[in-house]
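In: Predicted model follows, preceded by the sequence.
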Amino acid sequence: MKRMWLAGLVFGVVVGLGYWLAVLDWSVAQAQQRTLTIAMIPKVVGIDYFNATRMGAEQAVRELGGIRFIHQGPTEARVDRQIELIENFITARVDVIAVASNDPVAIAPALQKAQRAGIKVVTYDADANARDVFVNQATFEGIGKALVDEMVKQVGPNAEVAIVTSSLTAPNQNAWIAAMKAYMAQRYPNLKVVDLKPSEEDQQLAFQVTQDLLKAHPTLKGVWALSSVAFPGAAEAVKQAGKCGQVAVVGLSTPKQMRPYVKEGCVKSVVLWNPVDLGYLTIYTAKQLAEKGLKPGDKIVTKRGTWTVEKDKISLQVLLGPPFIFTAENIDKFDF
């Protein structure tokens, strides 16, 4: 009887253990199959640059599967509108918020609230002071150096130049300007920045402030335009002033927006990275962060390549790569 009782006990334990293992396997499978909700907030909707990052994000969503993708952003580059969207996404209990910040300080409390609610936070294109990981398009030093070197090729090392930025609080632009000035002080001390004007992600405003710069500084030889809409606005102002070839315009924008000015010879080069790849990498990073977590040294493996997670001063970052220079010789190869 004792042996039968022991045999029954062992049988019961084995059956019970098998049941709970099956439940565990089912739970893991369900978790793996669960749809992940990723909400992406650009600086502003309706411009070519963020249309391109959205395109890349949607390509990644199709490749990965199992993702509910939401893309919403303000119609003006206003951080208060981004904060409203973040609050809405906290209420909706999304899994990941990916945001290109209009103001790294002002947006931080809302992102911290999202983190406390268990939502993972990714920044892309423009960083914030609170996040789990930043998908960085290129180093600030690399972009700053490329912008300065391209300007010097056209105006020489002794010239008066001006800057048309986005907003005065835009994190990327401020970091690029700091890197540009540091590089100029070291390499081109006679390249003088005579003025800096904001254009608030508004092409018409960039056109107007560039016109003002041309009038206020008749010996101006170059203008840096540091956003995808500031660059065509500044180029158009130089063109309408009849100063193509006399005043260089160097900046960051998409090939699609700048192609007419490059073809006309009013713009010699366009500095950028591939924003489609930036959006694509952001989604891969967001998915891995949400499902497995990230730490320094981890690899983000995609069909387009492999990227390494690095530690930075806030948390983590993934670097897309060095900036790319578009010219008359290669600009027709790109359709974004």
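Out: Alright, I've got the coordinates.
In: Looks to me like L213 is in a helix.
Out: Yes: the assignment for L213 is a helix, going by DSSP: H, G, I helix; E, B strand; the rest coil.
In: Do you know the pLDDT at it?
Out: L213 carries a pLDDT score of 98 in this model.
In: Same check on D335?
Out: Confidence at D335, expressed as pLDDT, is 85.
In: any idea how far it lies from T219?
Out: Applying Cβ to Cβ, to the nearest Å, the value for D335 to T219 is 39 Å. For every residue, glycine as well, the C-beta is placed using N, CA and C.
In: In terms of neighbours, single out the busier of these two.
Out: Each of D335 and T219 has its neighbours counted (other Cβ atoms under 10 Å); D335 has more, 10 against 7.
In: How about that one, nearest residue that isn't a chain neighbour?
Out: Distance criterion Cβ to Cβ, 6 or more residues apart in numbering; nearest residue to D335, sequence neighbours excluded, is K256 at 6.9 Å.
In: Count the neighbours of the one you found for me.
Out: Residue crowding around K256 was assessed by other Cβ under 10 Å; the count is 17.
In: and what of the one 4 residues further on?
Out: Residues lying near P260 (other Cβ under 10 Å) number 14.
In: Same check on L316?
Out: Taking other Cβ under 10 Å as the criterion, the count of residues near L316 is 20.
In: and what of the one 3 residues further on?
Out: Taking other Cβ under 10 Å as the criterion, the count of residues near L319 is 18.
In: Report the beta-bridge partner residues of it.
Out: Bridge pairing for L319 (DSSP bridges) gives the partners N136.
In: how near is it to K256?
Out: Taken as Cβ to Cβ, the spacing of L319 relative to K256 amounts to 25 Å.
In: Return the residues in contact with the most centrally placed residue in the chain.
Out: A centroid search over the chain (Cα atoms, centre = their mean) returns D125, at 1.4 Å, as the residue closest to the centre. Each residue near D125 by Cβ atoms under 8 Å, 6 or more residues apart in numbering is listed here: 42-43, 53, 100, 135, 137, 172, 275, 278.
In: quick one: the helices in the stretch 151-300 of the chain?
Out: Using DSSP state H, counting those that start in this stretch, the helices of the stretch 151-300 of the chain run over residues 171-187, 203-216, 230-240, 255-264, 275-292.
In: Counting by contacts, list what the second one packs against.
Out: When contacts are defined as 3 or more Cβ pairs under 8 Å, 6 or more residues apart in numbering; DSSP states H and E, helix 203-216 packs onto strand 159-165, strand 191-198, strand 222-225, helix 230-240.
In: same deal with the last one?
Out: Counting contacts by 3+ Cβ pairs under 8 Å, 6+ apart, the secondary-structure elements packed against helix 275-292 are strand 36-41, helix 48-64, strand 67-71, strand 96-99, strand 120-124, strand 133-136, strand 299-302.
In: between these, which one is nearest to E160?
Out: Within the helices and strands packed on helix 275-292, the stretch nearest E160 is helix 48-64; the backing value is 28.7 Å (Cβ to Cβ).
In: The closest one vs helix 275-292, what angle?
Out: Orientation note: helix 48-64 sits at an angle of 50 degrees relative to helix 275-292 (axes from the mean of the first three to the mean of the last three Cα atoms, to 10 degrees).
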